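Fold the stuff below for me.
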Amino acid sequence: MLPSLRSSQTNLSSHLNGSLNDLSGGVVEEHFPISGIFDTTTESRMSVRSAMTRKLIDAETGLKLLEAQAASGGIVDLRKKDKMSVHKAVQNHLIDSSQMHKLLNAQKAFTGVEDPVSKVRLSTSQAAQKGYIPPENAKRYLEAQYLTGGLVNPSKPGRLTIQEALATKMIDSKTAEELQDEASHTKELVDPITKEKISYKQAMDRCKTDHNTGLLLLPAASTGADNTPSYSNYRFNSPYSK
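Here you go, the predicted model:
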């Protein structure tokens, strides 16, 4: 019997609020995942979905970026610097409905996977150990959480360090070592500029930071006239830094 595919909107909202409240003021933006794409040709930003539609990034890379958002707290709205559930993101046209199933699975890495027997909400690693999440997916979700502030215990607000997760048996020592060894992280993203396979950490390192919001934007280059910015006249006087 497979665990429920519920979106857990209540769990997501309460858990996200707790996570943000636990962070010290002024550094919350550092805990956002890669939130969008920066078009180096037009010097404009756009959502991951818009970048996929305009073919600035490949579909698989786009999906992996959205999965990382869902697994670390919600789909990011660039305009509001806000996170929202997968269902709400579909309603707001931030993601395509065809991506909903995979993104709901990723979202459960944040809200928890309900054990169909005990009804207890399991963390990503615990769910993978019980066979409710494919190991390769769990690894990606955990990496995204680790790189955006810490691992998630779905039963408590806030994030956990590797040491705290080990102490509560949320992860085992092998998983802890793999997460801390960033060179071994999964390389499933394609750099839109160089076309090389890179890890999520490498992608974060290559991002531009929007000075207005603090959000990370992965650089890509449009080549045709059809690649207009997703936000009208959203141009900046060099508000991006490495």
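
next SSE after the helix or strand of the chain with the lowest mean pLDDT?
Across the helices and strands of the chain, mean pLDDT, DSSP states H and E gives its lowest value to helix 9-21, namely a mean of 47. Under the assignment DSSP states H and E, the closest C-terminal helix or strand after helix 9-21 is strand 34-39.

Can you identify the element that follows that next one toward the C-terminus?
Next along the chain after strand 34-39, taking DSSP H and E as the criterion, comes strand 44-46.

Direction included, what does that following strand pair against?
Strand pairing for strand 44-46, determined by DSSP bridges: strand 34-39 (antiparallel).

Report pLDDT for His31.
Here, the pLDDT recorded for His31 equals 76.

Skipping its backbone neighbours, what lies nearest it in space?
Nearest residue to His31, sequence neighbours excluded (Cβ to Cβ, 6 or more residues apart in numbering): Gly149, at 3.9 Å. From N, CA and C alone the C-beta is placed, and that goes for glycine too.

Could you report the neighbour count for the one you found?
By other Cβ atoms under 10 Å, 23 other residues sit near Gly149.

what bridges to the nearest residue to Asp115 once chain neighbours are set aside?
Setting aside the residues directly before and after it, Asp115 is nearest to Leu122 in space (Cβ to Cβ, 6+ apart), at 5.6 Å. Assessed by DSSP bridges, Leu122 has beta-bridge partners Val113.

Now do the contacts for Leu122.
When contacts are counted by Cβ atoms under 8 Å, 6 or more residues apart in numbering, Leu122 is found next to Pro3, Gly112, Val113, Glu114, Asp115, Lys130, Tyr132, Pro154.

Max pairwise distance over the residues you listed: which two?
Spanning the widest gap among these are Lys130 and Pro154, at 14.0 Å by Cβ to Cβ.

more neighbours, these two?
Neighbours were counted for Lys130 and for Pro154 using other Cβ under 10 Å; Pro154 has more, 24 against 14.
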